[in-house]
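Participant: structure, please.
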Amino acid sequence: MSAGPKDQSDYTRFITANTKLLAPPHVPEIRLHLAEESLPIWQKTEEELGQMNVPPPFWAFAWAGGQALARYLLDHPEEVAGKAVLDLGTGSGLTAIAAKMAGAKSVLAADIDPLAVASVQLNAAANGVAVSTTDRNLLDAPLEEFEAVLVGDLFYERELAGRVLACLAEAGRKGTRILVGDPQRSYFPTERFDRVAEYKVAVTRELEDALVKRSSVWALIPSAGSAKQD
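Facilitator: Residues are numbered from 1 along each chain as shown. Have a look, this model is predicted:
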């Protein structure tokens, strides 16, 4: 097993060696460094980077919720134009890039996975936009500096979903616009959100249970009950 990367350039080399610049099916305006197959990148991440305790390579795929949210932002730029925007759990940076292309004043792409941060930097450069990045965990941080918070496909685990919802609810109570792209994963609390758009997103059976995933964009209802996730 490799000793793992020692700096950001090693992450960059790993990404470019194991991905290709591809356009997500539902957002052809954007190109991302994506894995063509899921199993090889998963194995290589574990084998080559395992000693770094990096998470699975969620950054290597354009997930259905993220594609839906990116599509919505490009079609409805008024949601983010001129605003300071946070993309929470950014992964590949797809929605962060879409927000910047839609006219956001500034975009911070946040992900605790250092490979995701490197991926966002590569992908932003490939699309000619400026996106700031951080690997800080912002789920427990105040988000007052942002006028809009974006989340793509983060409601797939119970504990994570609860923390994300609590963070979003706190920001929403302070007037921040909260938009989530999600195909109604197991722990997505539909009762806390209004559906603002719906798309049929082409995906792969390697990652999903269908070739087309019905995915929606949801706006948080700030006053809808408690932020606690059962």
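Participant: look up phi and psi at the nearest residue to Thr134 once chain neighbours are set aside.
Facilitator: Spatially, and ignoring its direct neighbours in sequence, Thr134 is nearest to Ala110 (5.0 Å; C-beta to C-beta, 6 or more residues apart in numbering). C-beta: built from backbone N, CA, C; applies to glycine. As for Ala110, its main-chain torsions (degrees, to the nearest 10) stand at phi -110, psi 130.
Participant: Ala110 reaches Leu138, doesn't it?
Facilitator: Yes. In terms of C-beta atoms under 8 Å, Ala110 counts as a neighbour of Leu138; the distance is 5.0 Å.
Participant: quick one: the strands in this protein?
Facilitator: For the chain, the strands defined by DSSP state E occupy 20-22, 32-34, 84-88, 106-110, 132-134, 148-152, 177-182, 193-202, 212-220.
Participant: now those strands as a markdown table including distance to Pro77?
Facilitator: Output for those, formatted as a markdown table (distance: least, C-beta to C-beta, whole Å):
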| stretch | distance to Pro77 |
| --- | --- |
| strand 20-22 | 24 |
| strand 32-34 | 20 |
| strand 84-88 | 12 |
| strand 106-110 | 13 |
| strand 132-134 | 19 |
| strand 148-152 | 12 |
| strand 177-182 | 13 |
| strand 193-202 | 14 |
| strand 212-220 | 14 |
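Participant: so which of those strands comes closest to Glu46?
Facilitator: strand 32-34 (18.5 Å; C-beta to C-beta).
Participant: now that closest one, how far from the chain's geometric center?
Facilitator: Its chain's average C-alpha position is 13 Å from that of strand 32-34, according to C-alpha atoms, centre = their mean, to the nearest Å.
Participant: could you do stretch 132-142 as well?
Facilitator: That offset, for stretch 132-142, works out to 13 Å (C-alpha atoms, centre = their mean).
Participant: so which bits of that stretch are buried?
Facilitator: Thr133, Leu138, Leu139 (16 or more other C-beta atoms under 10 Å).
Participant: just to revisit the earlier point, switch the strands of the chain over to a markdown table; also include mean pLDDT.
Facilitator: Shown next, in a markdown table, are these (pLDDT from 0 to 100):
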| stretch | mean pLDDT |
| --- | --- |
| strand 20-22 | 96 |
| strand 32-34 | 97 |
| strand 84-88 | 98 |
| strand 106-110 | 98 |
| strand 132-134 | 97 |
| strand 148-152 | 97 |
| strand 177-182 | 97 |
| strand 193-202 | 95 |
| strand 212-220 | 94 |
